[in-house]
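J.: Generate a structure from the sequence data that follows.
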Amino acid sequence: MRLALFEPDIPQNTGTILRMAACLGVPVDLIEPAGFIINNKLMKRAGMDYLNHADLTRHKSWKSYSEQRQENKRIILLTTRAKISYINFKFNPDDTLLLGRETSGVPSEIHDFVDASLKIPMQEHMRSLNVAIAAAIVLGDALKQTNQLPEFN
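T.: Okay, here's the model as predicted:
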């Protein structure tokens, strides 16, 4: 299981996601350009000393990221535009959960590229969740479903 962040805008969200990923042992792909300097103090503040433990791979662009994609490994987009709930989805252990930009999601060509698009059910008239919260909800379920959660200490 992996997380991929598409051109993130908000350093605090990226730091929070990297902290969560470090704690859960999940590698992260950061697809640039980001809307902030990657070593931004706000990202470090959210990620704290956990950032040193994050398995982070940076990619210069969507093109470079998508060209290195391994066959038979799915990219699952989390988006409010999806028709399928993550609750009704069967995850594979080697799936990548792709998160879009906080301000604009991902372009339509990426919607066409991914293997599946999922959403989180919400109350009517609610627009979206914070990207770090969405990542935590779906990643937690995917790790549980595929028996990849870390051992309980």
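J.: how far is stretch 131-144 from where the chain is centred?
T.: Relative to its parent chain, stretch 131-144 has a centroid offset of 8 Å by CA atoms, centre = their mean, to the nearest Å.
J.: right, I mislabeled it, should have said stretch 47-66
T.: Relative to its chain's centre, stretch 47-66 lies at 11 Å (CA atoms, centre = their mean).
J.: Show me which residues of it are buried.
T.: By 16 or more other CB atoms under 10 Å, the buried positions in stretch 47-66 come out as 47, 50-51, 54, 56, 59, 62, 65. Where you see a C-beta, it was placed from the backbone N, CA and C, and this is true even at glycine.
J.: what's the closest of these to Leu77?
T.: Nearest to Leu77 out of the buried residues of stretch 47-66 is Trp62 (CB to CB; 12.3 Å).
J.: Look up how far Thr16 lies from the closest one.
T.: Using CB to CB, to the nearest Å, one obtains 23 Å as the distance from Trp62 to Thr16.
J.: For the closest residue to Gly100 other than its chain neighbours, list the residues it contacts.
T.: Once flanking residues are discounted, Gly100 sits nearest to Val106: 4.1 Å by CB to CB, 6 or more residues apart in numbering. Listed by CB atoms under 8 Å, 6 or more residues apart in numbering, the contact partners of Val106 are 6, 77, 79, 98, 100.
J.: residues near the residue lying closest to Ala4 once chain neighbours are set aside, how many?
T.: In space, and not counting its chain neighbours, Ala4 is closest to Asp29: 4.1 Å by CB to CB, 6+ apart. When neighbours are counted by other CB atoms under 10 Å, Asp29 registers 19.
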